[in-house]
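Asks: Mind folding the following:
(one chain, ligands or ions: 1)
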Amino acid sequence: MTKNEIYEELLSICEKENVLRDEPMKNHTLTKLGGKADFFVTPVSYDQMSEIVAFTYKNDVPFMLLGNGSNMVVRDGGIRGIVVQFSKLNDLYSTGTQVVAQGGANIIDASRLALKESLTGLEFACGIPGSIGGAMAMNAGAYGGEVKDVIDHVTVVTKEGKQLKLTKEELELGYRTSIIGKKGHMVVEAVFNLEKGDPYKIKEKMDDLTYQRESKQPLEYPSAGSVFKRPPGYFAGKLIQDSGLQGKGVGGAEVSTKHAGFIINKSNATATDYISTIQMVKEKVKETFGVELELEVKIVGEDPAE
Ligand SMILES: Cc1cc2nc3c(=O)[nH]c(=O)nc-3n(C[C@H](O)[C@H](O)[C@H](O)COP(=O)(O)OP(=O)(O)OC[C@H]3O[C@@H](n4cnc5c(N)ncnc54)[C@H](O)[C@@H]3O)c2cc1C
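Replies: Next up is the predicted model:
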């Protein structure tokens, strides 16, 4: 199919303002990097989403789901096909001791709603800048808590367009992985099981975690958070620090001097700068400690044409 034919089809499903052509991904990733997506679509209903999924599946058009882009590095050549973001499918409410969130809601907002309703369990998420869908795909976690501890079930749509309800066990939540990422399921809604708590204690914990984050992480610069997973028996940040890499980087990208696990976009970095810095860190840590660092961030898209 030509780009114009794909565009016409998308316009028959979604409102024009929700279908962007040649959209720079740096506008939608927290690293502020990345080339253009052929199409960037923000459906406003699950019917629209299902139609897009059916259309891409039937016509073999490449399709990618983006959450808040807080764990993504998009290469400078951009993304072919359609990027869909659920940012306009972001309802959030509580019922009894449960919080129910659509896939495009922010997990930070879910954590704030829990506080408002005096519900404890989501405090750990108060500074994770991801969407509910991204948090479920990654089994996001921080400061001793993770999504796995509080999830009841998730409603997903499969690549073939089938709706499924997955229980906690069926989600196969592990360290920064889940069945969602492995199978490419799309998270429509997640239901969290929380407990009644003391709002003063909940707020105190959230304030403490926010303080720890702000004092230890370079939140003043664009980044994708921790670039690497924690290798068994080590801390990635400590290995990088002890390899003497803080303040080093390629082009505008740099290993943070505040938290060695973060690579920041210090001054107009390209994705190529960022990825070259990742490579430099991997090689130096391997050479110094013999440890193979595994990526937590996802690198997607194409290299720029020569
Ligand atoms: C400053 C900073 C601090 C961070 N701190 C933490 C932390 O403490 N703990 C932690 O775990 N992470 C942390 N992160 C990383 C990131 O916020 C999490 O991994 C988050 O869960 C990613 O969510 P997202 O919506 O941004 O997903 P994206 O980065 O947009 O996507 C990540 C993956 O999720 C998939 N995805 C997105 N939406 C959906 C959906 N609706 N259905 C199915 N799959 C979907 C994407 O396809 C992709 O594979 C941090 C990042 C930054 C920038």
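Asks: need the helices for this structure, in chain order.
Replies: In the chain, the helices defined using DSSP state H lie at 3-13, 46-59, 107-116, 132-138, 147-150, 179-183, 199-216, 236-242, 271-289.
Asks: so which of those gets nearest the ligand?
Replies: The ligand lies closest to helix 132-138 among the helices of the chain, at 2.0 Å (CB to the nearest ligand atom). Quick note: C-beta positions are derived from backbone N, CA and C, even for glycine.
Asks: Could you pull up the mean pLDDT of the closest one?
Replies: When pLDDT is averaged along helix 132-138, the result is 96.
Asks: This structure against the ligand: which residues are in contact?
Replies: 30, 65-72, 86, 103, 128-131, 133-135, 137-138, 140-142, 180-181, 186-187, 217, 219, 223-225, 298 (CB under 6 Å from any ligand atom).
Asks: still on that earlier bit, out of the helices of the chain, deepest packed?
Replies: helix 132-138 (a mean of 29; mean count of other CB atoms under 10 Å).
Asks: which residue sits closest to Ile179, ignoring its sequence neighbours?
Replies: Leaving out its chain neighbours, the residue that sits closest to Ile179 by CB to CB, 6 or more residues apart in numbering is Glu172, at 4.4 Å.
Asks: still on that earlier bit, filter the residues of the chain next to the ligand down to the buried ones.
Replies: If you count burial by 16 or more other CB atoms under 10 Å, the buried members of these come out as 30, 65-72, 86, 103, 128-131, 133-135, 137-138, 140-142, 180-181, 186-187, 217, 219, 223-225.
Asks: where in the stretch 201-306 of the chain is pLDDT low?
Replies: Within the stretch 201-306 of the chain, no stretch has pLDDT under 70.
Asks: closest point of it to the ligand, which residue?
Replies: For the stretch 201-306 of the chain, CB to the nearest ligand atom, closest residue to the ligand: Gly225, 2.5 Å.
Asks: Which ones among the residues of the chain next to the ligand map onto strands?
Replies: The strands, defined by DSSP state E, take in 65-66, 72, 141-142, 186-187, 223-225, 298 from the residues of the chain next to the ligand.
Asks: of all these, which comes closest to Glu123?
Replies: For those, the minimum distance to Glu123 (CB to CB) is 9.6 Å, reached by Ala142.
Asks: Report pLDDT for the closest one.
Replies: Per-residue confidence at Ala142 stands at 94 (pLDDT).
Asks: which residues does it bridge with?
Replies: Gly145 (DSSP bridges).
Asks: rewinding a little: rebuild the helices of the chain as JSON lines, extending it with distance to Gly161.
Replies: JSON lines is the format used below for the helices of the chain (distance: least, CB to CB, whole Å):
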{"stretch": "helix 3-13", "distance to Gly161": "13"}
{"stretch": "helix 46-59", "distance to Gly161": "5"}
{"stretch": "helix 107-116", "distance to Gly161": "26"}
{"stretch": "helix 132-138", "distance to Gly161": "17"}
{"stretch": "helix 147-150", "distance to Gly161": "25"}
{"stretch": "helix 179-183", "distance to Gly161": "14"}
{"stretch": "helix 199-216", "distance to Gly161": "38"}
{"stretch": "helix 236-242", "distance to Gly161": "38"}
{"stretch": "helix 271-289", "distance to Gly161": "32"}
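Asks: So which of those helices is nearest Lys248?
Replies: Closest approach to Lys248 among the helices of the chain (CB to CB): helix 271-289, 7.3 Å.
Asks: Are there helices or strands packed against that closest one, and which ones?
Replies: Where contact means 3 or more CB pairs under 8 Å, 6 or more residues apart in numbering; DSSP states H and E, helix 271-289 is packed against strand 72-74, helix 236-242, strand 253-255, strand 262-265.
Asks: I'd like the ones you listed as TSV, with distance to Glu5 appended.
Replies: Shown next, in TSV, are the helices and strands packed on helix 271-289 (distance: least, CB to CB, whole Å):
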stretch	distance to Glu5
strand 72-74	24
helix 236-242	45
strand 253-255	38
strand 262-265	36
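Asks: Done for today, thanks.
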